[in-house]
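Student: Would you be able to build a 3D model of this:
(one chain, ligands or ions: 1)
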Amino acid sequence: MRTHSDVVIIGGGAIGSSIAYRLASEGSSVTLLERDSIAGHASGFSGGLLNPTSETGKLVPLHHQSFRMHREMLDRVQQESGVDAQVLMMPHIELALTEADIPIQKAELERISKFSDFKSEWLEPGDIRKLEPRITEDLYGGVLVEDVIILDSYNFTLATARAAEAHGAEIVLREATRIIYEKDRAVGVMLGQDRISCGAVVLALGPWSGAATLWVDIDVPVAPQKGELVRLEGLDPRLGFHLRAFHSDNTCAVYQKADGLIWLGATRKDGSGFDTTPSADALDSISLTAMRMMPELESQKLVLQTACLRPVTPDGDPILGQVPGKEGMFIATGTAGQGILLAPVIGRAIADLVSTGETDIDIAPFGFDRFG
Ligand SMILES: Cc1cc2nc3c(=O)[nH]c(=O)nc-3n(C[C@H](O)[C@H](O)[C@H](O)COP(=O)(O)OP(=O)(O)OC[C@H]3O[C@@H](n4cnc5c(N)ncnc54)[C@H](O)[C@@H]3O)c2cc1C
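Tutor: The predicted model follows:
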């Protein structure tokens with residue numbers, strides 16, 4: 001293990017790995033610290049959907065910029081790492097399962113059609129069933145959005161971390177236990193008794209970011225939100241669409257990934273701490289909505305149910321930038337349900353800040369100052 005790096009990044013999920021990749025490929029010496037395994041948490045178990053058109057808040061520009069960056073970078077990162085991120089492009093259809101959904105979905109279409117980088121259109125029930133006859137007959141139409149990306153987020157995160165290694169980053173599977181400051185400048189990270197000296201530290205701890213409150217003397221308001229997904233045996237012929245619908249207070253997606261399996265989900269549960277035990281309730285609610293969308297799924301065997309934790313902030317937006325009052329200390333967290341999509345743009349924004357003190361990516365709305 002090196003005893004000095006220009007930058008130490010704590011957390012080997014999609015966010016930490018992406019920042020490491022950017023900094024290492026620009027020539028900084030980087031140590032990426034991960035206490036479990038690379039992509040061992042949400043970054044390795046997410047749905048892997050990249051669809052910037054679903055965002056409606058302040059993050060819209062970053063979602064679209066990051067999506068374009070994924071399209072530019074995915075081939076390169078896979079080549080540099082030798083890891084196949086299992087990338088698929090397919091249309092997304094937001095289904096209207098009730099008559100009351102029609103005006104909601106038509107308003108969605110109006111919003112999405114303003115994005116020039118995505119083609120979208122309204123489909124009548126008959127058009128949808130012509131495209132995919134296994135979708136329910138009990139249907140009121142839907143919005144089609146062309147060319148969203150689906151990937152395997154475990155492989156994507158691993159590919160990003162390995163590509164960072166190929167550019168000279170060191171991955172160390174140890175826990176960061178303390179930050180060392182000289183006056184208020186971060187100069188090192190302790191791993192138990194061992195020390196790595198550095199010029200900058202980046203905190204990318206995902207749902208564990210609240211623990212960094214002790215390290216930075218400022219409240220880091222990030223909590224874990226439990227999310228569950230279900231994988232079923234694949235359909236033959238393959239399902240070529242990413243489908244989503246709202247039913248019984250639950251939003252559910254149904255899609256077939258490159259691993260051949262049908263993925264269903266996901267749930268959102270706040271307030272259950274760091275519990276990642278798959279639950280019967282989640283299985284029931286996901287299955288109910290998925291079968292309402294595609295009745296044929298009832299005969300597909302359950303292969304796997306997973307639970308993992310999204311990092312969420314009180315206002316739902318990420319926290320990105322320099323930690324106030326601490327020189328050389330940066331944070332990137334709170335990406336909630338969009339961290340895989342946002343990883344490239346966050347990687348570049350934080351790498352810019354660390355190397356030059358500024359970035360042309362507009363992360364100003366996502367600073368600590370908004371929490372007072
Ligand atoms: C069910 C579900 C479905 C999702 N689907 C999608 C999707 O389709 N598309 C999308 O874009 N996003 C999706 N997301 C969101 C996405 O998974 C997260 O936003 C993203 O993975 C967060 O990445 P991260 O690197 O911040 O956190 P994590 O992946 O949690 O990584 C943080 C890492 O920090 C490490 N760590 C913590 N403390 C320390 C320490 N002291 N020392 C060393 N290491 C430490 C942890 O071990 C962990 O590996 C989904 C999330 C869930 C839960």
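Student: ok, the nearest residue to Ile262 once chain neighbours are set aside - contacts?
Tutor: Nearest non-adjacent residue to Ile262, counting by CB to CB, 6 or more residues apart in numbering: Leu232, 4.3 Å away. Yep, even glycine has a C-beta here, placed from its N, CA and C like the rest. For Leu232, the contact set (CB atoms under 8 Å, 6 or more residues apart in numbering) comprises 261-262, 264, 297, 300-303.
Student: Would you mind confirming that Gly48 makes contact with Val148?
Tutor: No - Gly48 lies out of contact with Val148 (CB atoms under 8 Å); the separation is 10.7 Å.
Student: quick one, helices of the stretch 151-300 of the chain?
Tutor: Residue ranges of the helices in the stretch 151-300 of the chain, as given by DSSP state H, counting those that start in this stretch, are 153-166, 213-216, 280-293.
Student: Identify, out of the ones you listed, the most deeply packed stretch.
Tutor: helix 153-166 (a mean of 25; mean count of other CB atoms under 10 Å).
Student: So what touches that one?
Tutor: By CB under 8 Å, 6+ apart, helix 153-166 touches 12-14, 17-18, 20-21, 23-25, 30, 32, 38-39, 43-48, 74, 76-78, 80-86, 169, 171, 340, 343.
Student: what angle sits between the helix of greatest length in the chain and helix 153-166?
Tutor: When the chain is parsed with DSSP state H, its longest helix is helix 60-81. Orientation check (axes from the mean of the first three to the mean of the last three CA atoms, to 10 degrees): helix 60-81 against helix 153-166 gives 70 degrees.
Student: angle of the helix or strand following helix 60-81 against helix 280-293?
Tutor: Per DSSP states H and E, the first helix or strand lying C-terminal to helix 60-81 is strand 88-95. Interaxial angle, strand 88-95 versus helix 280-293 (the same axes, to 10 degrees): 80 degrees.
Student: Mind listing what's buried along strand 88-95?
Tutor: Buried residues in strand 88-95, counted by 16 or more other CB atoms under 10 Å: 88, 90-95.
Student: How about stretch 338-358?
Tutor: Those would be 338-355, for stretch 338-358 by 16+ other CB under 10 Å.
Student: check the contacts of helix 153-166 against the ligand, which are close?
Tutor: 12-14, 43, 46-48, 340 (CB under 6 Å from any ligand atom).
Student: with those residues in mind, which one is nearest to the ligand?
Tutor: Proximity of those to the ligand was ranked by CB to the nearest ligand atom; the top entry is Gly13 with 2.2 Å.
Student: In contact with Gln322, which residues?
Tutor: 329-331, 353.
Student: By neighbour count, which of the residues you listed wins?
Tutor: Counting neighbours by other CB atoms under 10 Å, Ile331 comes out on top of the contacts of Gln322 with 28 neighbours.
Student: does it count as helix, strand or coil?
Tutor: Assigned with DSSP: H, G, I helix; E, B strand; the rest coil, Ile331 falls in the strand class.
Student: List the residues that contact it.
Tutor: Contacts of Ile331 (CB under 8 Å, 6+ apart): 202-204, 209, 212, 216, 220, 319-323, 368.
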